[in-house]
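Trainee: Sequence and predicted structure, then a few things I'm wondering about:
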Amino acid sequence: MIVVLKGGSGKGEIEKVKSIAESMGLKTNVSQGRERTVIGIIGDGRYEAKERFESLSCVEKVIRVLKPYKLVSKEFHAEDTVVDVDGIPVGDGFFTVMAGPCSVESEEQIHRIAAFLSGLGVKILRGGAFKPRTSPYSFQGLGERGLKYLRDAAESHGMKVVTEVMNIQAIELVSEYAHILQVGTRNMQNFPLLKALGSTNKPILLKRGFMSTIEEMLLAAEYIATSGNKNIILCERGIRTFETMTRNTLDLSAVPLVRELSHLPICVDLSHSTGRREIIPPLAKAALVAGAHGIMVEVHPIPEKALSDGRQSMDFTQFESMMESLRKIAAVEGAKLPEGAVVQ
Ligand code: PEP
Ligand code: MN
């Protein structure tokens, strides 16, 4: 349920609503927009409080939120959230490129990639150190050594780090090195992990589960938000369908839908959704035009030699030409881009 305050309401009016809610054991979430202040009310028994809120002179209206997710919904928070990744904004008005290898393979490899990407203006370096591999015999990542190499490479080139955290026990360690904690597709509904990440203050990149609906992704984000962390970036990364030509099926419709339903930024992982590098550039353009706030792409100097996901990793030449065409599209006047979109 949301309580919409009349224009011109300030701190005193917000406090009135909060104290009624608290006296009834309800939680509040205040969202002060440019035009209006909205207070989300969460908890059992909220509808009993409806009349008490309506009777306040500062209240314009009280609306029931019928969607199962609340804190991440547009109703609760009309203005789009821009997540601050240690000075790098991700969200409305920006098109953020997160790129790097599937796995950190060596110190030399990740430094070489970071040098190349930062030269093209990429600000967020990705790379796996703890890898969720389908087969236990596949390369599992370098672990903490990989995290060190990744952070060093990023710092040497003025970049930020996004990397996956696979379980609760690893949160503390990964947080020492990462600016964004990534929740992988296989963990999207690992509720204890989501709750634990909700009690950190790190930006979270939440990948859509490969068998999950858009609503389930938003509910997974709600788990993080309701535990206290609202710095969430959603990521469409493809879902499993009957199609076998691609690794997953990229559900680009998630982008405009999420933008309509939620205030959280939504990015698109083009590598894990497609599984094949040659179709990434046109889909990157499509993601930008569809309103995505950014993309994630795997890049490797010699994809054929990559220890994981070589087939879907772009080489330097391909990535550079994709960035060039993205810059052109972002600059096209009249295209349906987020207002003032810039490619970072
Ligand atoms: C990754 O980005 O390294 C990854 C494993 O992605 P996903 O969880 O989407 O498969
Ligand atoms: Mn990968």
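Mentor: Now that the structure is in, tell me what you want to look at. Ligands and ions are numbered 1, 2, ... in the order given.

Trainee: OK, contacts around M98?
Mentor: Residues counted as contacts of M98 (CB atoms under 8 Å, 6 or more residues apart in numbering) are V122, I124, L125, R126, V162, L205, C267, G294, I295, M296, V297. Using the backbone N, CA and C atoms, a C-beta is placed for each residue, glycine as well.

Trainee: Please identify which of those residues is nearest to G91.
Mentor: G294 (8.8 Å; CB to CB).

Trainee: Look up how far L173 lies from the residue in the stretch 101-250 of the chain positioned nearest to ligand 2.
Mentor: Closest residue of the stretch 101-250 of the chain to ligand 2, CB to the ion: C102 (3.2 Å). Using CB to CB, to the nearest Å, we find C102 at a distance of 20 Å from L173.

Trainee: So the two - more neighbours on which side?
Mentor: C102 (24 against 15; other CB atoms under 10 Å).

Trainee: Mind pulling the model confidence for the closest residue to that one other than its chain neighbours?
Mentor: Nearest non-adjacent residue to C102, counting by CB to CB, 6 or more residues apart in numbering: D309, 3.8 Å away. Looking at D309, its pLDDT is 97.

Trainee: could you list every residue that touches D309?
Mentor: D309 touches C102, S103, S271, H272, E298, counting by CB under 8 Å, 6+ apart.

Trainee: Can you say which of these are buried?
Mentor: C102, S103, S271, H272, E298 (16 or more other CB atoms under 10 Å).

Trainee: report the longest helix in the chain, please.
Mentor: Longest helix in the chain, counting residues (DSSP state H): helix 316-331.

Trainee: Restricted to helices, list the contacts of D309.
Mentor: Those of the contacts of D309 lying in helices (DSSP H): S271, H272.

Trainee: Now flag whichever of the contacts of D309 is closest to ligand 1.
Mentor: Distance to ligand 1, by CB to the nearest ligand atom, is smallest for H272 among these, at 4.2 Å.

Trainee: My read is that that closest one contacts G184, right?
Mentor: No: H272 lies out of contact with G184 (CB atoms under 8 Å); the separation is 9.2 Å.

Trainee: Could I get the CA-only coordinates of stretch 4-11 as PDB?
Mentor: This file holds the C-alpha atoms of stretch 4-11, laid out as PDB (Å, rounded to 0.1, in the frame of the first residue of the first chain):
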ATOM      1  CA  VAL A   4       0.700   9.700  -1.500                       C
ATOM      2  CA  LEU A   5       1.200  13.100   0.200                       C
ATOM      3  CA  LYS A   6      -0.200  16.300  -1.100                       C
ATOM      4  CA  GLY A   7       2.200  18.700  -2.900                       C
ATOM      5  CA  GLY A   8       4.300  20.900  -0.600                       C
ATOM      6  CA  SER A   9       4.400  18.200   2.200                       C
ATOM      7  CA  GLY A  10       7.600  18.100   4.100                       C
ATOM      8  CA  LYS A  11       9.400  16.300   7.000                       C
END
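
Trainee: Tell me which residues of that stretch come out buried.
Mentor: V4, L5, S9.

Trainee: Looking at the residues you listed, which is nearest F76?
Mentor: Looking across those and measuring by CB to CB, the closest to F76 is V4, at 11.0 Å.

Trainee: Can you classify the closest one by secondary structure?
Mentor: V4 carries the three-state label strand when classified by DSSP: H, G, I helix; E, B strand; the rest coil.

Trainee: Can you name the residues bridging to it?
Mentor: V38, K61 (DSSP bridges).

Trainee: got the contact list for the residue nearest to Q140 when sequence neighbours are not counted?
Mentor: Of all residues not flanking Q140 in the chain, K131 sits nearest, at 5.5 Å (CB to CB, 6+ apart). By CB under 8 Å, 6+ apart, K131 lies in contact with C102, S103, S138, F139, Q140, G141, E164, S308.

Trainee: doesn't S308 make contact with the fourth one?
Mentor: Yes: assessed by CB under 8 Å, F139 is found in contact with S308 at 5.5 Å.

Trainee: shared neighbours, those two?
Mentor: S103, K131, R133.

Trainee: which one among those residues gets closest to E324?
Mentor: For the shared contacts of F139 and S308, the nearest to E324 is S103 (26.8 Å; CB to CB).

Trainee: Whichever strand or helix holds A154 - contacts with which helices or strands?
Mentor: In this assignment (DSSP states H and E), A154 forms part of helix 144-156. Here helix 144-156 touches helix 107-119, strand 124-126, strand 160-164, helix 171-177, going by 3 or more CB pairs under 8 Å, 6 or more residues apart in numbering; DSSP states H and E.

Trainee: so what's whichever residue of the stretch 1-150 of the chain sits closest to ligand 1 bridging to?
Mentor: As assessed by CB to the nearest ligand atom, ligand 1 sits closest to G128 within the stretch 1-150 of the chain, at 4.6 Å. As for beta bridges, G128 partners with S103 under DSSP bridges.

Trainee: Number of residues surrounding it?
Mentor: 29.

Trainee: Number the residues from 37 up from this point.
Mentor: Let's use 37 as the start, then, which means that last one is G164.

Trainee: Provide a list of residues in contact with it.
Mentor: P137, C138, S139, V140, G177, G182, T199, E200, S344.

Trainee: ok, now K159?
Mentor: K159 neighbours (CB under 8 Å, 6+ apart): I124, T132, V133, G194, M195, K196, Q380.
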